[in-house]
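# generate coordinates for the sequence data below:
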Amino acid sequence: MTDIALTPPAGVSAAPIVRELPGPTLAEVEAARDVVRAVAEVTPMETSRHLSEILGVPVHMKCENLQRTGSYKIRGAYNRMSRLGDEEKARGVVAASAGNHAQGVAFAARELGIRATIFMPIGVALPKLQATRHYGAEVVLVGHTVAEPLRAAQTHAADTGAVYIPPFDHPDVIAGQGTLGLEVLEQVPDLETLIVPIGGGGLISGMASVLKRKAAELGREIRIIGVQSSHAAAYPASLAAGVPTGVEVSPTIADGIAVSKPGKLNFAIIKDAVDEVVTVDDDDIARAMLVLLERAKLVVEPAGAVGVAAILTGRVRASGPTVVMLSGGNIDPLVMERVISHGLAASERYLKLRIPLPDRPGQLAETSRIVAEQNANVVEVLHTRHGSGLQISQVELELHIETRGPEHAEQVLHALRAHGYEPRSLSV
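Numbering: from 1, shown residues only. Below you'll find the predicted structure:
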């Protein structure tokens, strides 16, 4: 542990408060970097003009979505497993995950010559399942949520002696993820704000341990902001209670950070070293993924895009150079297709309308003509006589229309209403 100087509250002129910060020391994280560099690449740091304009300060994106195995998880998994003794390695390792941790453990096990068993939920995305098997792990499918594979993995460890590799709540895992803090500060030396996704807290606790200590050495502040999905926001509740507190997790596209309770070690670091935790919803995340795809040409999974979502929605503020972590890029193409459609709708660039029409010839052609005159593109049409609330002399037309944004969408609606139609906008 290391003493760090914390800035006193605004308006207080007393000397800086000095408090002991839990978590890995700089020496431990630097040692972890020497280990992790055997497998983890130094990922690019890209500048985003679009996000810089929105936030009002230079914004850089740390692209761990381009890391080997598609996420930062390889760092903590490899650091933990490299520290196992020969007898422990001979017993093998076991883990539970719906994706990124599974791939990190499987890859690390292959590189270290360790037998790995990974428990995954039955509905896990096929690409994640295939990748985990490709790295040589034995995959066991059980249950429909991450909680069930977790229990199965712990039972397997107790029954067989295999070493359980936790996804976030372990000093070696935290130190491995903390190597990103060193990397970020080398790439952006004048860093003032860091925005990080939070699930269980492994990534942000490791990075916060490093950056708060480095900031103290440099005699300046680095502000750290965590971002959670509003459907799995365990940290706001836990920070308010002062202890790790479980919450009910609702379905969310950000399944990679859908963790119901903070890790104990992670929480101890975060409550002291993280300045703020904010939440974003699925619409926000879908819009962020679309922005990353269109503006930065980057494929980022929902959990990895929450920091960008927080910037787009104005939930974070910054006063100087800012880094947002893109923590992973593992996403099923079928999910990506749905997210893009949802993101277009959330950005009001994909308009879904239902329009009651008189049941007579020419009405479909007329509505199509009106939409075309507004330079909007109809991509799907459904024509039915069986819509609820229709009169016997009416039919219902459902149109899916691509637009250029909110103003253009309103222009299409106004044109239809001007011709006597009564379009009703639907969520996608």
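
# all helices of the stretch 201-350 of the chain, in order?
Along the stretch 201-350 of the chain, counting by DSSP state H, counting those that start in this stretch, helices occupy 202-218, 234-241, 264-273, 282-295, 306-312, 333-346.

# can you list contacts of the third one?
This means helix 264-273. The contact list for helix 264-273, computed with Cβ atoms under 8 Å, 6 or more residues apart in numbering, reads 19, 21-23, 168-171, 174, 198, 200-202, 204-205, 208-209, 212, 224, 226, 235, 238-239, 242-244, 262, 277. Where C-beta positions appear, they are placed from N, C-alpha and C, glycine not excepted.

# buried ones from those, can you make that a ChimeraX selection?
Restricted to the buried members of the contacts of helix 264-273, where burial is judged by 16 or more other Cβ atoms under 10 Å, the ChimeraX selection command reads as follows:
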select :21,22,23,168,169,170,171,174,198,200,201,202,204,205,208,209,212,224,226,235,238,239,244,262,277
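
# can you classify Leu84 by secondary structure?
The assignment at Leu84 comes out as coil when based on DSSP: H, G, I helix; E, B strand; the rest coil.

# cross-check the contact I'm expecting between it and Ala162.
No. Leu84 is beyond contact range of Ala162, at 10.9 Å (criterion: Cβ atoms under 8 Å).

# what sits in contact with each of the two?
Counting by Cβ under 8 Å, 6+ apart, the residues touching both Leu84 and Ala162 are Val93.

# who's more crowded, these two?
More crowded of Leu84 and Ala162, by other Cβ atoms under 10 Å: Ala162, with 20 against 17.

# so what's that one up against?
Taking Cβ under 8 Å, 6+ apart as the definition of contact, the neighbours of Ala162 are Arg91, Gly92, Val93, Val94, Thr117, His156.

# ok, now Asn375?
Going by Cβ under 8 Å, 6+ apart, the list of residues near Asn375 reads His408.

# and it, how close does it get to Glu407?
Computed as Cβ to Cβ, to the nearest Å, the Asn375 to Glu407 distance reads 12 Å.

# over to Ala153?
According to Cβ to Cβ, Ala153 and Glu407 sit 51 Å apart.

# neighbour-wise, which of the two wins?
The residue with more neighbours, out of Ala153 and Glu407 and counting by other Cβ under 10 Å, is Ala153; that gives 25 against 9.

# the more buried one - that's part of a strand, no?
No. Assignment of Ala153 by three-state DSSP gives helix, placing it outside any strand.

# where do the strands sit along the stretch 51-200 of the chain?
The residue ranges that make up the strands of the stretch 51-200 of the chain, judged by DSSP state E, counting those that start in this stretch, are 59-63, 93-96, 116-120, 138-141, 163-164, 193-197.

# what about the fifth one, average pLDDT?
The average pLDDT for strand 163-164 rounds to 98.

# can you list the strands that that strand pairs with?
Strands flanking strand 163-164 in the sheet, each with its direction: strand 93-96 (parallel) (DSSP bridges).

# now the partner strand - C-alpha only, CSV.
C-alpha atoms of strand 93-96 as CSV (Å, rounded to 0.1, in the frame of the first residue of the first chain):
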residue,chain,number,x,y,z
VAL,A,93,-7.7,-24.2,-13.8
VAL,A,94,-11.4,-23.5,-13.9
ALA,A,95,-13.4,-20.4,-14.6
ALA,A,96,-16.9,-19.2,-15.3
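
# which parts of that strand are buried?
For strand 93-96, by 16+ other Cβ under 10 Å, it's Val93, Val94, Ala95, Ala96.

# contacts only, for Arg115.
Arg115 sits next to Gly92, Val93, Ala109, Glu138 when contact means Cβ under 8 Å, 6+ apart.

# closest one to Ser71 out of the residues you listed, please.
Ala109 (16.1 Å; Cβ to Cβ).

# for the closest residue to the closest one other than its chain neighbours, give the beta-bridge partners.
Nearest in space to Ala109, with sequence neighbours left out and distances taken as Cβ to Cβ, 6 or more residues apart in numbering, is Ala116 at 3.6 Å. Note on Ala116: beta-bridge partners by DSSP bridges are Val93.

# what bits of the stretch 301-428 of the chain have low per-residue confidence?
Counting by pLDDT under 70, the ranges of the stretch 301-428 of the chain that qualify are 385-393, 427-428.

# need the residue closest to the centroid of this protein.
Among the residues of the chain, Ala303 comes closest to the average C-alpha position under Cα atoms, centre = their mean, at 1.5 Å.

# distance of it from Gly70?
Counting by Cβ to Cβ, the gap between Ala303 and Gly70 amounts to 12 Å.

# what do the two both touch?
Gly328.

# residues touching Thr43, list them.
Residues in contact with Thr43 (Cβ under 8 Å, 6+ apart) are Lys62, Cys63, Glu64, Leu66, Gln67, Glu183.

# the first one contacts Val323, correct?
Yes. At 5.5 Å, Lys62 and Val323 qualify as touching, with contact defined as Cβ under 8 Å.

# which neighbours do these two have in common?
Applying Cβ under 8 Å, 6+ apart, one finds that Lys62 and Val323 are jointly contacted by Met45, Val184.

# of the contacts of Arg115, keep whichever come out buried.
Under a neighbour-count criterion of 16+ other Cβ under 10 Å, the subset of the contacts of Arg115 counted as buried comprises Gly92, Val93, Ala109.

# pipe those residues into CSV and attach pLDDT and distance to Val36 per row.
Shown next, in CSV, are the buried ones among the contacts of Arg115 (pLDDT from 0 to 100; distance: Cβ to Cβ, whole Å):
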residue, pLDDT, distance to Val36
Gly92, 97, 21
Val93, 98, 17
Ala109, 97, 15
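
# point out where the stretch 151-300 of the chain drops to low pLDDT.
Using pLDDT under 70, nothing in the stretch 151-300 of the chain is flagged.

# do the stretch 1-150 of the chain as well
Along the stretch 1-150 of the chain, the parts satisfying pLDDT under 70 run over 1-19.

# that one: helices as residue ranges?
With DSSP H, counting those that start in this stretch as the criterion, the stretch 1-150 of the chain has helices at 26-36, 49-55, 73-82, 86-91, 100-112, 126-134, 147-160.
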